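Trainee: Take this sequence and fold it.
(one chain, ligands or ions: 1)
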Amino acid sequence: QEDIFKNVVSHAKEYGFIFPSSEVYDGLSAVYDYAQNGVELKKNIREYWWKSMVQMNENIVGLDAAILMHPTTWKASGHVDAFNDPLIDNKDSKKRYRADVLVEEFAEKINQKAQKEIEKARARFGDAFNEEEFVTTNARVVEYLSKYKEILSRLAKGMTDDLQDVKALIEELEIADPETGSRNWTDVKQFNLMFGTKLGASADSAMDLYLRPETAQGIFVNFLNVQKSGRMKVPFGIAQTGKAFRNEIVARQFIFRMREFEQMEMQFFVRPGEEMKWYHHWKETRLKWHLSLGLGKENYRFHDHEKLAHYANAAADIEFNFPFGFKELEGIHSRTDFDLKAHEQFSGKKLQYFDPELNENYVPYVVETSVGLDRMFLAVFATSLKEETLEDGSTRTVLKLPSVLAPTKAAILPLVKKDGLPDIARTIIEDLKWDFTVAYDEKDAVGRRYRRQDALGTPFCITVDHQTIEDQTVTIRHRDTMKQDRVKISELKDIIENEVST
Ligand code: ATP
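Mentor: Now for the predicted structure:
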């Protein structure tokens, strides 16, 4: 599994999907850039989501709220101040941050202990000291270092997502705080997960702002604007995709946990008392959406939350089988009227809806669906990446992306670089590029070009050869089966359309 994950990361880099951010400066921790193919795949996932929400539902409309919001927003939402600590929520995130930080600090302490022993021995033995020998033979140091490595490797695998894991780990490894001997690891610091920034140039008049840690609040504060200007009737939804920022303490799983990431959220406003019906509706609807991508039913499961946040009366995650195990991909939360009421309280403005059928005013309840675009990317990418052994014993690497999401839908390849074949290939591209992202490639033998397109996830390779000059036909090769058909150039558009349309 570790190898699979390594392959995913290196394939993403080698084939222009994802690069570490600012790599020339050795990267920035837990921040990544989407490269030429990654940006297409990501855009296609976003569009696939957007269509299913906004285009397919008459009562869901879109929004693109700013990343910067009035600072009081985050007071109302509970992200600043202790009055309703957002870390104590149904997603157990407080536990998670505690757990991660604990384990990291703990590992560090153990490592320091080992280093101290090494230093002591060095001082004692002087020139005769052989560090390599010492760290492999001194029982105490060996023990410290092996525990240290064990903890780091578990952290890397993301096996410490809650406090239970940490306790189990500590028990299993029978380790106590190297400083105090205590096994009580519950005394933890508070963290502010929001990135702060300033609005205004001069130091004394500048206003403290935050980069939003979730997109949802932009929807809540716009609820009434959208309802009124769109003449929306409850139940209705507002959908949004956009960047969110969290100063995650431990972020080691590639694009699974980033400090700058993108969310795709939909807040659905319903009559109080009807929220459970909609909660179940959206749970099922969202799972169906995931299944429609064909990554395998067995890779998904629900995780219903037993412990709920102060604002929620029901919550579940859709978990996905990532290369490092089942983890949260999407959250579906029944958030009651907590957020709208809090914004009423902090703004002093009414955020109520007049229901013409009931002839009454109320603050709607909210059911939200929230999925990480980057996590979707990782789910799709990792599951699609396959090593196949072919009949002749050779192997190929193929990215079996759902065709609708593939960055490039077809590659047009002249068999040779002469005899007018490149020109014909170019005219095919001129025709297809209005409807699909297509690529041209004439470098290397055609077999190698096929392999390259396989690795990029391109569903079709279209090869122009000498017969094309005679009869206006080309071969079309299917990525997954590697089968080739001879078809007329005029049929190409329909064939591709048929395969890649939603
Ligand atoms: P987790 O427990 O994994 O940190 P969360 O419960 O805090 O996630 P939510 O606040 O519910 O996450 O956010 C909704 C979705 O946003 C998550 O299901 C996930 O897909 C995505 N997400 C949250 N934090 C990150 C992150 N740091 N990097 C990438 N995606 C994220």
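Trainee: could you say which helix or strand contains the closest residue to Thr72 other than its chain neighbours?
Mentor: Once flanking residues are discounted, Thr72 sits nearest to Phe346: 5.3 Å by Cβ to Cβ, 6 or more residues apart in numbering. Quick note: C-beta positions are derived from backbone N, CA and C, even for glycine. According to DSSP states H and E, Phe346 maps onto helix 338-347.
Trainee: Does that helix reach the ligand?
Mentor: No. Helix 338-347 stays clear of the ligand (Cβ under 6 Å from any ligand atom), getting no nearer than 13.2 Å.
Trainee: Packing partners of that helix?
Mentor: helix 72-76, helix 216-229 (3 or more Cβ pairs under 8 Å, 6 or more residues apart in numbering; DSSP states H and E).
Trainee: In it, which residues are buried?
Mentor: 338-340, 342-344 (16 or more other Cβ atoms under 10 Å).
Trainee: got it, and stretch 47-55?
Mentor: Buried, per 16+ other Cβ under 10 Å, within stretch 47-55: 48-50, 52-54.
Trainee: and these, which of them are in helices?
Mentor: Residues of the buried residues of stretch 47-55 located in helices (DSSP state H): 48-50.
Trainee: Format these as a markdown table; extra columns: pLDDT.
Mentor: Below are these laid out as a markdown table (pLDDT from 0 to 100):
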| residue | pLDDT |
| --- | --- |
| Tyr48 | 98 |
| Trp49 | 98 |
| Trp50 | 98 |
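Trainee: Pull up the gap between Ile489 and the ligand, please.
Mentor: 43 Å (Cβ to the nearest ligand atom, to the nearest Å).
Trainee: Low-confidence stretches in the stretch 51-200 of the chain?
Mentor: Confidence mapping of the stretch 51-200 of the chain against pLDDT under 70 gives the ranges 81-103, 154-192.
Trainee: What ranges does it have for its helices?
Mentor: With DSSP state H, counting those that start in this stretch as the criterion, the stretch 51-200 of the chain has helices at 72-76, 93-125, 131-137, 139-156, 163-173.
Trainee: Now do the fourth one: distance to the chain's middle.
Mentor: This points to helix 139-156. The chain centre lies 30 Å from the centre of helix 139-156; the measure is Cα atoms, centre = their mean, to the nearest Å.
Trainee: ok, the nearest residue to Tyr144 once chain neighbours are set aside - how many residues close by?
Mentor: The spatially closest residue to Tyr144, leaving aside those adjacent along the chain, is Ala114, at 3.8 Å (Cβ to Cβ, 6+ apart). Neighbours of Ala114 under the rule other Cβ atoms under 10 Å: 22.
Trainee: need the contact list for Ala114.
Mentor: 135, 141, 144-145, 148 (Cβ atoms under 8 Å, 6 or more residues apart in numbering).
Trainee: hmm, try it at 7 Å
Mentor: Counting by Cβ atoms under 7 Å, 6 or more residues apart in numbering, Ala114 touches 141, 144-145, 148.
Trainee: Which one of the residues in this structure is closest to the ligand?
Mentor: Nearest to the ligand in the chain, going by Cβ to the nearest ligand atom, is Gly372, at a distance of 2.5 Å.
Trainee: give me phi/psi at that residue?
Mentor: phi -80, psi 130 (degrees, to the nearest 10).
Trainee: Mind pulling up the pLDDT for it?
Mentor: As predicted, Gly372 sits at a pLDDT of 98.
Trainee: Over to the one 3 residues further on?
Mentor: Here the pLDDT value assigned to Arg375 is 98.
Trainee: Give me the residues contacting the helix or strand encompassing it.
Mentor: According to DSSP H and E, Arg375 maps onto helix 373-384. The contact list for helix 373-384 (Cβ under 7 Å, 6+ apart) reads 8, 12, 17, 41-42, 45-46, 241, 254-256, 258, 261-264, 293, 295, 299, 320, 322-323, 329, 399-401, 405, 457.
Trainee: Kindly provide the distance from the closest residue to Leu399 other than its chain neighbours to Lys418.
Mentor: Nearest residue to Leu399 in three dimensions, chain neighbours excluded: Gly457, at 3.6 Å (Cβ to Cβ, 6+ apart). Applying Cβ to Cβ, to the nearest Å, the value for Gly457 to Lys418 is 30 Å.
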